[in-house]
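Enquirer: here you go, sequence then predicted model.
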Amino acid sequence: MSKLGLSLAIACVALLGCTRPTNRGRVVTISSGSEGLRDDQADAEAGSLSELVWRSDGSSPAIWSLRDSRDYFVPRVGLRFALPVGYVYDAGLTPTRYLVMEGATVPRAMRGERLVGDRTLQFRGAAEAPVVVSLVEIPMDVEPSTFCAWVASHAQGSPAVARDAAETVATSTTRLCELRTPAVTTRVRGFLRAGWLLIFSQQMTADGVTVELDTLVRGVHAFEE
């Protein structure tokens with residue numbers, strides 16, 4: 001990723017001031033109907049997809065899912081997460097990466113299905129501000145202890161680091177940052193692994209809440225689980 005591209009990605013994630021333009025402005029709502037059946041199907045689907053995505057991600061790292069699936073796979077950082085029922089995602093964005101599942105190792109029922117992927121996704125719950133989830137390539141010398149300062153240094157508005165704490169999520173050591181400008185405070189959760197970073201970010205409400213971000217982060221698991 002070029003320095004300019006990296007700066008733009010980090011600026012968008014850190015400040016949440018830029019929402020990617022949609023092609024059609026269409027938003028798909030995840031329904032809560034037939035929840036037990038959907039969960040069973042999602043579990044079977046996730047198990048089948050894990051190995052396929054893991055093998056296919058090498059030359060085109062992204063956050064992957066089947067269309068309308070609640071399971072998202074991020075092989076580059078060894079993690080996946082599930083979108084809670086009732087949250088919405090922007091289906092109007094054109095994915096930049098595609099994988100067509102085919103071959104003897106693909107279950108017959110899934111052959112021909114298309115995985116879609118991108119480096120930046122956007123989700124909404126009840127809050128006005130969305131949660132932006134991004135996969136970003138970073139310099140190898142950026143470590144958890146320097147992550148918050150590094151993000152702040154690349155963000156628009158020169159935010160101050162108001163919080164910088166290490167926490168364990170899904171057996172991974174993460175960094176929790178709060179970046180503050182005079183206009184807004186943004187909470188950022190970073191999962192780092194070997195030069196790659198999975199970021200969950202959301203603007204905080206006036207009372208310091210980021211319910212949607214916290215809910216999504218609780219759904220993060222190791223890739224093989």
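Expert: Received, thanks. Numbering: from 1, shown residues only.
Enquirer: excluding sequence neighbours, find me the nearest residue to Arg180.
Expert: Spatial nearest neighbour of Arg180, chain neighbours left out: Ala162 (4.3 Å); criterion: CB to CB, 6 or more residues apart in numbering. From N, CA and C alone the C-beta is placed, and that goes for glycine too.
Enquirer: sec struct for the one you found, please.
Expert: Secondary structure assignment for Ala162 (DSSP: H, G, I helix; E, B strand; the rest coil): strand.
Enquirer: pretty sure it sits against Thr186.
Expert: No. The criterion here is CB atoms under 8 Å, and Ala162 misses it with Thr186 at 9.7 Å.
Enquirer: ok, the two, which is more surrounded?
Expert: Between Ala162 and Thr186, Thr186 has the larger neighbour count (other CB atoms under 10 Å), namely 27 against 15.
Enquirer: what helix or strand does the more buried one sit in?
Expert: Taking DSSP states H and E as the definition, one finds Thr186 inside strand 185-193.
Enquirer: and if you look at Glu212?
Expert: According to DSSP H and E, Glu212 maps onto helix 211-218.
Enquirer: between that helix and strand 185-193, how many degrees?
Expert: Angle of helix 211-218 versus strand 185-193, following axes from the mean of the first three to the mean of the last three CA atoms, to 10 degrees, is 10 degrees.
Enquirer: report the buried residues of helix 211-218.
Expert: When neighbours are counted by 16 or more other CB atoms under 10 Å, the buried residues of helix 211-218 are found to be 212-213, 215-217.
Enquirer: with just CA atoms, put that helix into PDB.
Expert: Listed in PDB are the C-alpha atoms of helix 211-218, where the atom choice follows Å, rounded to 0.1, in the frame of the first residue of the first chain:
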ATOM      1  CA  VAL A 211     -22.100   0.000  22.000                       C
ATOM      2  CA  GLU A 212     -21.900  -1.200  18.400                       C
ATOM      3  CA  LEU A 213     -18.100  -1.300  18.400                       C
ATOM      4  CA  ASP A 214     -18.100  -3.200  21.600                       C
ATOM      5  CA  THR A 215     -20.700  -5.700  20.400                       C
ATOM      6  CA  LEU A 216     -18.800  -6.400  17.200                       C
ATOM      7  CA  VAL A 217     -15.500  -6.800  19.000                       C
ATOM      8  CA  ARG A 218     -17.100  -9.400  21.400                       C
END
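Enquirer: what does that helix contact?
Expert: Residues external to helix 211-218 that are found in contact with it (CB atoms under 8 Å, 6 or more residues apart in numbering): 81, 83-84, 87, 123-127, 130-131, 133, 169, 187, 189, 200-202.
Enquirer: just the ones of the residues you listed in strands?
Expert: Applying DSSP state E to those, the entries found in strands are 81, 123-124, 131, 133, 169, 187, 189, 200-202.
Enquirer: strands paired with the strand holding Thr186, and their directions?
Expert: According to DSSP bridges, strand 185-193 forms sheet pairs with strand 172-180 (antiparallel), strand 196-203 (antiparallel).
Enquirer: could you pull out the helices for this structure?
Expert: Per DSSP state H, the chain carries helices over the ranges 3-15, 35-56, 144-154, 211-218.
Enquirer: so Pro169 bridges to which residues?
Expert: Small correction: residue 169 is Val, not Pro. In this entry, Val169 is beta-bridged to Ser172, by DSSP bridges.
Enquirer: now it: how far from Phe200?
Expert: Applying CB to CB, to the nearest Å, the value for Val169 to Phe200 is 10 Å.
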